[in-house]
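S.K.: Need the 3D shape of this:
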Amino acid sequence: MGKDVIIACDFASAQETFAFLDRFTEEKPFVKIGMELFYAEGPAIVRELKARGHKIFLDLKLHDIPNTVKKAMAVLSRLDVDITNLHAAGTVGMMRSAVEGLTRPDGTRPLLIAVTQLTSTDQAAMEEDLWIRAPIDEVVMHYAENAKNAGLDGVVCSPLEAGKVHARCGAAFLTVTPGVRFADGDIGDQKRVMTPAEAKRIGSDYIVVGRPITAADDPVAAYRRCVKEFVGE
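M.R.: From the prediction side, this is the model:
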């Protein structure tokens, strides 16, 4: 898979999701299914979206003891998603167990990426709430290296850190970056953000875009604008 824009379908129900995606008559966007939608609709929403031809990033951010994560990933491997994820903070051992669980009997598996630090977390929150005193860039790089050493395919990180991750972990190590907003848009509760064009320049492989597309007056036009700025098509 090459560079792409992933739409964060953070809707409360399948009905809302399908109503939104039905507006796209010419494209089949890559979509992200997060906790809200998956917990509301379960695996059926994944199967239906795959049947409709969409690539899927299943964003559940697993974080538990290694054995539990391994078993959960084995279940997710049967859903035929394209990307799924976990928290790098769960340790290298947990990530290795996740790869084992996600790998099917035939040796195939979805791409597995690790969340480094959420884009709603800044240095102050990391120090005051999490008691992590190192600079946030160093923490992200350390988590990214752990993910690579555990056999993962990439990380979720701020677009501000994508270029540094590639420099540390190699060009083939994927960077999936939320926190992307148009230059003339509202950043909402995100603290570490960048425009699609800037994310392209700095080296993001995939950008995850939610409200700038889903809450736009014309979501299809907003999506096409995002693709044009990031992919160049």
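
S.K.: all helices of the chain, in order?
M.R.: Secondary structure of the chain (DSSP state H): helices at 14-21, 35-41, 43-51, 66-76, 92-102, 123-130, 136-149, 159-169, 196-202, 211-214, 219-230.

S.K.: Now mean pLDDT and mean neighbour count too, for these, in TSV please.
M.R.: C-betas here are computed from N, CA, C, even on glycine. As requested, those are exported to TSV (pLDDT from 0 to 100; neighbours: other C-beta atoms under 10 Å):
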stretch	mean pLDDT	mean neighbour count
helix 14-21	97	16
helix 35-41	96	15
helix 43-51	97	15
helix 66-76	98	17
helix 92-102	98	20
helix 123-130	93	13
helix 136-149	95	19
helix 159-169	91	21
helix 196-202	91	19
helix 211-214	94	21
helix 219-230	96	18
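
S.K.: can you redo the ones you listed as CSV with distance to Leu58?
M.R.: Below are those laid out as CSV (distance: least, C-beta to C-beta, whole Å):
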stretch, distance to Leu58
helix 14-21, 14
helix 35-41, 7
helix 43-51, 7
helix 66-76, 7
helix 92-102, 11
helix 123-130, 25
helix 136-149, 17
helix 159-169, 21
helix 196-202, 22
helix 211-214, 18
helix 219-230, 20
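
S.K.: so what's the residue nearest to Val208 when sequence neighbours are not counted up against?
M.R.: Distances taken as C-beta to C-beta, 6 or more residues apart in numbering place Pro178 nearest to Val208, at 4.2 Å, with adjacent residues excluded. Under the criterion of C-beta atoms under 8 Å, 6 or more residues apart in numbering, the contact list for Pro178 reads Ala8, Thr119, Val156, Ser158, Gln190, Ile207, Val208, Val209, Gly210.

S.K.: Equivalent analysis for Phe173, please.
M.R.: Ala144, Lys148, Asp153, Gly154, Val155, Val165, His166.

S.K.: Count the residues that sit near Leu79.
M.R.: Neighbourhood size, Leu79 [other C-beta atoms under 10 Å]: 17.

S.K.: Contact partners for it?
M.R.: Applying C-beta under 8 Å, 6+ apart to Leu79 gives the contacts Pro43, Val46, Arg47, Lys50, Leu58.
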